[in-house]
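**Student:** based on what follows, work out the 3D shape:
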Amino acid sequence: MKLDYEKYKLANGLEVILHRDTRLPIVAVDLWYHVGPAKETAGRTGFAHLFEHMMFQGSGHVGEDMHFKYLEGAGASLVNGTTSFDRTNFFEDLPSNQLELALWLESDRMGFLLDKLDAKMLANQQDVVRNERRQSIENAPYGLAEEEVYHQLFPKGHPYYAAVIGSHADVQAAQLGDVQDFFRKYYVPNNATLAVVGDIDVAKTKALIEKYFGTIPAGPQVAPVNVQTPPITQEKRVTMTDQVELPRLYVGWVTSPYFSPGDAEADIASHLLGGGKASRLYRSLVYDKKIAQEVSAQQLSQSLGSVFQITLTAKPGHTTQELQAALDHELDSLATRGPTEDELAAVKNTIYSNIITSLENVGGFSGVADRLQTYNHFVGDPGYLNKDLARYSAVTTEGVKQFVADQLAKNKRLVLGVVPGEKVLPPAPPTPPMPTVTAAKVESKEPWRNEVPKPGPISTAPLPSASKFDLPNGLKVYLVENHALPVVSAEMVVRSGSSADTLDRPGLAGFTVAMLDEGTAKRDALTIASDLEALGASYGSGTARDGSTISLRSLKQNAAKTLDILSDILLAPTFPEK
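**Tutor:** Numbering: from 1, shown residues only. The predicted structure is shown next:
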């Protein structure tokens, strides 16, 4: 696999990554600022996330709340912004003839946000962010525990200690001058990378990027974060109470940083332990012992130290102590014997398939633009795709065994239990009255930016032709060839949905479709999940009012075996009662 790209810099330091893909008349614009909570200081937590919100409120030449309206009017989709510990990004997919509009909007908030940022806008977004914190942390089941995991794994003052969203006190205490200084330091061309991916004319795109971004002055040089994450040398144990129905256990470790040795082994170990129905923890705790309601494991890869987190929710009548005993048994087994070759091959197929199928989309989460940006940000090489695939391919049974034994040791972990009880909320400052005075209008130094760009000529893409044939049993088959990626997708559409439900059996259509992969005459639910994972395949189903769909996606080399599983699911379901 290869992602062709061109990377260059403007005179003001803005990095640009271009990738041409003419499969569809769509373009993805993805702008990364190399700032997140990792660059915040004590008493200033939540600033990066606060700016994620303020960047959509209007800028020097874009009216208040017009950013979304312009993009919606242009037919854009996947318009969003996200903040993680190491970066902040803003992205949108839109028709390729509307590329200039997206560049105008992104450049205006980079160069002219402070022309509109006043005390009223700041206060409004402080209120929004604090409400978001209440919804996602304080009022969410187990939300405070999720935050406490990072408080326990990282020392106070470490860039990863505070939640990305920040604390109530810090967000509310932010003064206009504080946030203006933060913006001038980090939201500048020389601390950003712009990726444009899709149906583009490279020369014209370069000219537009120069036009809209080239006159924005560079900011001060941003020093890299140089923080050592101290190791945990003794097991930490914490118990919290929350207004929840079921006990939950969080077990976490600080592990290898993103793309460093051990990170791929950690990712594979997380799949082996908690990556779906075929995983060890699901089989043991959910299916066999029936002591867990749900299980998950993930390697949350970050530049200053990753977090390997296992989350186990108890079934009614069971305890976190039971969960931990069963978890320790599985960890000891993996550390002593490692995964089987079949297990390892299955997880590698899944990861390879996930990476490859993500390239079907030019933008959005994990699409081509996001992948180019990720590689560029963390390893300095947008073309790291094959090396990324190779690092997973090189993982061995012994490597996984060693990772679990060394990095997931008992003396290096946090064990945090949540039990039903009173929710104890941290103190929060009151919300002050909303300011009524807005900043005076700033006269533009570049009045040509006041003109909203007009769309270019509509670019058309020929629809792929489909060959059609009928099977002897009457099934209609449409076959579309596409050789861009080594992936095969199949979807069965049944002309019956929720409208066929009877009054005494509401939801029957959806329930029936959801039960198809719970067992067949030849395979139980876990075997179906294991067989699909071994092939790097994914299965999905859904029901709408007038129809139901069953879909499958597979690597090309495993298409025949995957279709065999699909036919088994469709033709021989047993609908087991348990």
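**Student:** how many other residues sit next to residue 546?
**Tutor:** A count of neighbours around residue 546, defined by other C-beta atoms under 10 Å, yields 11. (Glycine included, C-beta is placed from N, CA and C.)
**Student:** then residue 73?
**Tutor:** Residue 73, neighbours per other C-beta under 10 Å, totals 12.
**Student:** cool, and residue 233?
**Tutor:** Residue 233 has 8 nearby residues by other C-beta under 10 Å.
**Student:** how near is the residue lying closest to it once chain neighbours are set aside to residue 235?
**Tutor:** Spatial nearest neighbour of residue 233, chain neighbours left out: residue 411 (6.2 Å); criterion: C-beta to C-beta, 6 or more residues apart in numbering. Using C-beta to C-beta, to the nearest Å, one gets 6 Å for the distance from residue 411 to residue 235.
**Student:** more neighbours: these two, which one.
**Tutor:** residue 235 (13 against 10).
**Student:** report pLDDT for the more buried one.
**Tutor:** For residue 235, the pLDDT comes out at 98.
**Student:** wait, doesn't it sit right on residue 410?
**Tutor:** Yes - counting by C-beta atoms under 8 Å, residue 235 does reach residue 410; the two are 5.6 Å apart.
**Student:** residues of stretch 81-96 that come out buried?
**Tutor:** Buried residues in stretch 81-96, counting neighbours by 16 or more other C-beta atoms under 10 Å, are found at 81, 83-96.
**Student:** so which of the residues you listed comes closest to residue 37?
**Tutor:** The shortest gap between residue 37 and any of those belongs to residue 85, at 5.2 Å (C-beta to C-beta).
**Student:** next up, the contacts around that closest one.
**Tutor:** 36, 37, 38, 159, 160, 164, 302, 303, 304 (C-beta atoms under 8 Å, 6 or more residues apart in numbering).
**Student:** try it again with 10 Å
**Tutor:** Residue 85 sits next to 36-40, 48, 150, 159-160, 162-164, 225, 300, 302-305, 307 when contact means C-beta atoms under 10 Å, 6 or more residues apart in numbering.
**Student:** show me those that map onto strands.
**Tutor:** 300, 307 (DSSP state E).
**Student:** for ChimeraX, write a command that selects the buried ones of the contacts of residue 85.
**Tutor:** Buried members of the contacts of residue 85, defined by 16+ other C-beta under 10 Å, are picked up in ChimeraX with:
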select :36,37,38,39,40,48,150,159,160,162,163,164,300,302,303,304,305,307
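**Student:** out of the buried residues of stretch 81-96, which comes closest to residue 108?
**Tutor:** The closest of those to residue 108 turns out to be residue 90 (C-beta to C-beta; 11.9 Å).
**Student:** determine the set of other helices and strands touching the host helix or strand of the closest one.
**Tutor:** Element membership for residue 90 (DSSP states H and E) is strand 88-95. Here strand 88-95 touches strand 26-33, helix 47-54, helix 66-73, strand 77-83, helix 99-112, strand 192-198, helix 368-379, going by 3 or more C-beta pairs under 10 Å, 6 or more residues apart in numbering; DSSP states H and E.
**Student:** residue 345 against residue 392, yeah?
**Tutor:** No - the criterion here is C-beta atoms under 10 Å, and residue 345 misses it with residue 392 at 11.4 Å.
**Student:** got the contact list for the residue nearest to residue 6 when sequence neighbours are not counted?
**Tutor:** The shortest distance from residue 6 to any residue other than its chain neighbours is 4.7 Å, reached at residue 18 (C-beta to C-beta, 6+ apart). With contacts defined as C-beta under 10 Å, 6+ apart, the neighbours of residue 18 are 4-8, 194-198, 200, 202, 205-206, 209, 372, 382.
**Student:** same check, this time on residue 408
**Tutor:** Contacts of residue 408 by C-beta under 10 Å, 6+ apart are 251, 252, 253, 255, 266, 269, 273, 308, 310, 331, 334, 335.
**Student:** which among those residues end up buried?
**Tutor:** Judged by 16+ other C-beta under 10 Å, buried ones among the contacts of residue 408: 251, 252, 253, 255, 266, 269, 273, 308, 310, 331, 334, 335.
**Student:** how much space separates the last one from residue 198?
**Tutor:** Distance, residue 335 to residue 198, using C-beta to C-beta: 45 Å.
**Student:** returning to that earlier point: what about residue 345 and residue 392, which has more around it?
**Tutor:** The neighbour comparison of residue 345 against residue 392 (other C-beta under 10 Å) goes to residue 392, with 18 against 14.
**Student:** surely that one is in a strand?
**Tutor:** No - note on residue 392: no strand contains this position according to DSSP: H, G, I helix; E, B strand; the rest coil, which reports helix.
**Student:** does residue 419 sit in a helix, a strand or a coil?
**Tutor:** strand.
**Student:** I figured residue 144 hits residue 418, correct?
**Tutor:** Yes - using C-beta under 10 Å, residue 144 is in contact with residue 418, at 8.6 Å.
**Student:** mutual contacts of the two, please.
**Tutor:** 240, 241, 242.
**Student:** using PyMOL, define a selection of the buried residues within the residues you listed.
**Tutor:** To isolate the buried members of these in PyMOL, using 16+ other C-beta under 10 Å:
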select buried, resi 240+242
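**Student:** show only the entries of the shared contacts of residue 144 and residue 418 found in helices.
**Tutor:** Residues of the shared contacts of residue 144 and residue 418 located in helices (DSSP state H): none.
**Student:** export the shared contacts of residue 144 and residue 418 as JSON lines, with columns for distance to residue 365 and pLDDT.
**Tutor:** Converted to JSON lines, those look like this (distance: C-beta to C-beta, whole Å; pLDDT from 0 to 100):
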{"residue": "240", "distance to residue 365": "31", "pLDDT": "97"}
{"residue": "241", "distance to residue 365": "34", "pLDDT": "97"}
{"residue": "242", "distance to residue 365": "29", "pLDDT": "97"}
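**Student:** in strands, which of the shared contacts of residue 144 and residue 418 fall?
**Tutor:** Using DSSP E, the shared contacts of residue 144 and residue 418 in strands are 240, 241, 242.
**Student:** which residues does the first one contact?
**Tutor:** This points to residue 240. Residue 240 neighbours (C-beta under 10 Å, 6+ apart): 142, 144-145, 148, 248, 250, 416-419, 421, 423-424.
**Student:** and the residues you listed as a markdown table, adding distance to residue 545 and pLDDT?
**Tutor:** Shown next, in a markdown table, are the contacts of residue 240 (distance: C-beta to C-beta, whole Å; pLDDT from 0 to 100):
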| residue | distance to residue 545 | pLDDT |
| --- | --- | --- |
| 142 | 34 | 97 |
| 144 | 40 | 96 |
| 145 | 39 | 97 |
| 148 | 43 | 97 |
| 248 | 36 | 98 |
| 250 | 40 | 99 |
| 416 | 43 | 99 |
| 417 | 44 | 98 |
| 418 | 39 | 98 |
| 419 | 42 | 97 |
| 421 | 43 | 96 |
| 423 | 39 | 93 |
| 424 | 45 | 89 |
